[in-house]
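[1] structure for this input, please:
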Amino acid sequence: MTAEDRADLRRVVLVINQLGRGGAEAQLSLLAQGLRARGIDTHVILTCEGGPHLTALRLAGVEVHQLDFVPSLTSLVRPSALVHNLGAGMRLLRLLRRLRPQVLHAFLYFDYVLSAPAARLSGVPVVVSGRRSQGFYKRGRRWVFALERAATRITDHVVANAVAVAQDARTAERLPARKLSVIYNGLPASAFEPVEPEEVGTHLPVIVCVANLHPVKGHRFLLDAAATLARRGRPCTLVLAGDGPERDRLERQAAVLGLDVRFRGSVDDPRGLVARADVVVLPSLSEGLSNAVMEAMAAGRPTVATSVGGTPELLDGRGVLIPASDPAALAEAVLRLLDDPELGARLGAAARAWAAKNLDMTVMVEEHIALYRRLLEARCAE
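    Below is the predicted model of the structure:
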């Protein structure tokens, strides 16, 4: 077999811990379907559990393999979980040896810390890992960074989903520029299609936030901002699409503040809610490249978001950026858009046009294929 034959990209394995409604999970699903549509035998390994993207992957002909690792950072050092994970690790080794992929791409921290060593032991030629946030969860935990550095040393390349995420990885992890690429997230064509606005049932302006209810998403500051708007005579209806551990606390906060907050829980398709929004808001304290902001842009909705992670790369001149943890600034930005619908329409149109040009799913898939081929050719030339 010639080096050219060995470098022909035929089989790729993508690794992630689960397929819930987060942005990384959505992007892996899109990438897997795009690779499969281009004739590349694509497999997804779930280190922990399934989720709502399973059906779409299987319909696209992507084979999904599910393991049962214990999926928390502390499990990596807790003795009982460590024994369990060693058994799951052996199953991962056997699976990789059977599949014999040319490229393994692990998306999140838990996945690449586990699968990079397994890939090397299994003889996988090219190992890629992802960086999809600015690593707030790793701060002050030396052992977490130590495991990451060990995995990165045996990884061929790292893909970040935003320039800000890549810069954070270079600073925090001391990654060399040659080992790091930026590939933006992609949106399917359906994200740009018009949808019927969902009925909310309110005479007030509707503010929509699509995000899992985790502390890092900053919902508490959105509720404080809504209270400020109410005091200024501009009450709003907040619609929160997402679920998570913050829900009880946020429900109590909404009751104390006397706000109209609709907790919609996990939503399979939030496009109808986004279409109904007078303003879309994302008050995160940390981000990678937000799918929620991207989807609001594709829908042409005026958007207010915190200037964190890759969000300024998305909304610079196409939305309203505010500091994180600043409810007063958030309230002022929302009020500005409510008071000036023409401004909101202009920003929404500019955001939609930029998203159509720069966030196309096809471009995202092709950039990954080009990277995989380049790395595979370099490995085969050694």
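
[2] would you map the strands across the stretch 151-300 of the chain?
    157-160, 180-182, 206-210, 237-241, 260-265, 279-282 (DSSP state E, counting those that start in this stretch).

[3] helices and strands around the fifth one, which ones?
    Contacting strand 260-265 under the criterion 3 or more C-beta pairs under 8 Å, 6 or more residues apart in numbering; DSSP states H and E are the following elements: strand 237-241, helix 247-257. Yep, even glycine has a C-beta here, placed from its N, CA and C like the rest.

[4] could you export those as TSV, including mean pLDDT, distance to Ala150 and mean neighbour count?
    Output for the helices and strands packed on strand 260-265, formatted as TSV (pLDDT from 0 to 100; distance: least, C-beta to C-beta, whole Å; neighbours: other C-beta atoms under 10 Å):
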stretch	mean pLDDT	distance to Ala150	mean neighbour count
strand 237-241	98	38	24
helix 247-257	98	36	14
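
[5] out of these, nearest to Phe263?
    For Phe263, the closest of the helices and strands packed on strand 260-265 is strand 237-241, at 5.4 Å, according to C-beta to C-beta.

[6] now do the closest one: which elements does it pack against?
    strand 206-210, helix 219-231, strand 260-265, helix 271-276.

[7] got the CA coordinates for the third one in CSV?
    Once side chains and other backbone atoms are set aside, the C-alpha atoms of strand 260-265 remain, and they are given as CSV (Å, rounded to 0.1, in the frame of the first residue of the first chain):
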residue,chain,number,x,y,z
ASP,A,260,-43.2,36.9,34.7
VAL,A,261,-40.8,34.1,33.9
ARG,A,262,-41.8,31.1,31.8
PHE,A,263,-39.6,28.1,32.5
ARG,A,264,-40.0,26.0,29.4
GLY,A,265,-37.5,23.3,30.3
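
[8] show me the strands in the stretch 1-150 of the chain, by range?
    With DSSP E, counting those that start in this stretch as the criterion, the stretch 1-150 of the chain has strands spanning 11-16, 41-46, 63-66, 103-106, 126-131.

[9] winner for burial among these?
    Neighbour counts (mean count of other C-beta atoms under 10 Å) averaged over each of the strands of the stretch 1-150 of the chain peak at strand 103-106, with a mean of 28.

[10] for Val64, find the nearest of the strands of the stretch 151-300 of the chain.
    strand 157-160 (21.1 Å).

[11] the closest one - contacts with which helices or strands?
    Counting by 3+ C-beta pairs under 8 Å, 6+ apart, strand 157-160 packs on strand 126-131, helix 163-173, strand 180-182, helix 361-381.

[12] what pLDDT, on average, does that strand get?
    Averaging pLDDT along strand 157-160 gives 97.

[13] what strands line up against that strand, and which way round?
    strand 126-131 (parallel), strand 180-182 (parallel) (DSSP bridges).

[14] including distance to Gly265 and mean pLDDT, could these go into a markdown table?
    Output for the strands paired with strand 157-160, formatted as a markdown table (distance: least, C-beta to C-beta, whole Å; pLDDT from 0 to 100):
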| stretch | distance to Gly265 | mean pLDDT |
| --- | --- | --- |
| strand 126-131 | 28 | 97 |
| strand 180-182 | 33 | 97 |
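
[15] so where's this structure shaky on pLDDT?
    Residues of the chain meeting the criterion pLDDT under 70: 1-7, 71-80, 82, 135-141.

[16] same thing but 90
    Applying pLDDT under 90 to the chain picks out residues 1-8, 17-23, 47-53, 67-89, 109-110, 113-114, 133-150, 171-175, 268, 380-382.

[17] ok, the residue lying closest to Glu196 once chain neighbours are set aside - how many residues close by?
    Distances taken as C-beta to C-beta, 6 or more residues apart in numbering place Gly272 nearest to Glu196, at 6.3 Å, with adjacent residues excluded. Number of residues near Gly272 (other C-beta atoms under 10 Å) recorded here: 15.

[18] mind checking how far Gly272 is from Met297?
    Distance, Gly272 to Met297, by C-beta to C-beta, to the nearest Å: 17 Å.

[19] go on, Asp360?
    12 Å.

[20] tell me which of these two has more neighbours.
    The neighbour count for Asp360 versus Met297, taken as other C-beta under 10 Å, is higher for Met297 (30 against 18).

[21] list the contacts for the more buried one?
    By C-beta atoms under 8 Å, 6 or more residues apart in numbering, Met297 lies in contact with 303, 314-315, 318-319, 348, 351-352, 354-355, 359.

[22] which of these has the most neighbours?
    Neighbour counts for the contacts of Met297 peak at Thr303, which has 33 neighbours (criterion: other C-beta under 10 Å).

[23] if I look at that one, how far off is His65?
    Distance from Thr303 to His65, by C-beta to C-beta: 37 Å.

[24] repeat for Val280
    Relative to His65, Val280 is positioned 36 Å away (C-beta to C-beta).

[25] nearest to Gly20 among the contacts of Met297?
    Leu359 (21.5 Å).

[26] now do the same contact list for that closest one.
    Residues counted as contacts of Leu359 (C-beta under 8 Å, 6+ apart) are 184-187, 294, 297-298.

[27] how about a markdown table for those residues, with distance to Val12 added?
    Output for the contacts of Leu359, formatted as a markdown table (distance: C-beta to C-beta, whole Å):
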| residue | distance to Val12 |
| --- | --- |
| Tyr184 | 19 |
| Asn185 | 18 |
| Gly186 | 16 |
| Leu187 | 21 |
| Met294 | 24 |
| Met297 | 29 |
| Ala298 | 27 |
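
[28] tabulate the contacts of Met297 in JSON lines, adding columns for secondary structure.
    Below are these laid out as JSON lines (DSSP: H, G, I helix; E, B strand; the rest coil):
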{"residue": "Thr303", "secondary structure": "strand"}
{"residue": "Leu314", "secondary structure": "helix"}
{"residue": "Leu315", "secondary structure": "helix"}
{"residue": "Arg318", "secondary structure": "coil"}
{"residue": "Gly319", "secondary structure": "coil"}
{"residue": "Gly348", "secondary structure": "helix"}
{"residue": "Ala351", "secondary structure": "helix"}
{"residue": "Arg352", "secondary structure": "helix"}
{"residue": "Trp354", "secondary structure": "helix"}
{"residue": "Ala355", "secondary structure": "helix"}
{"residue": "Leu359", "secondary structure": "coil"}
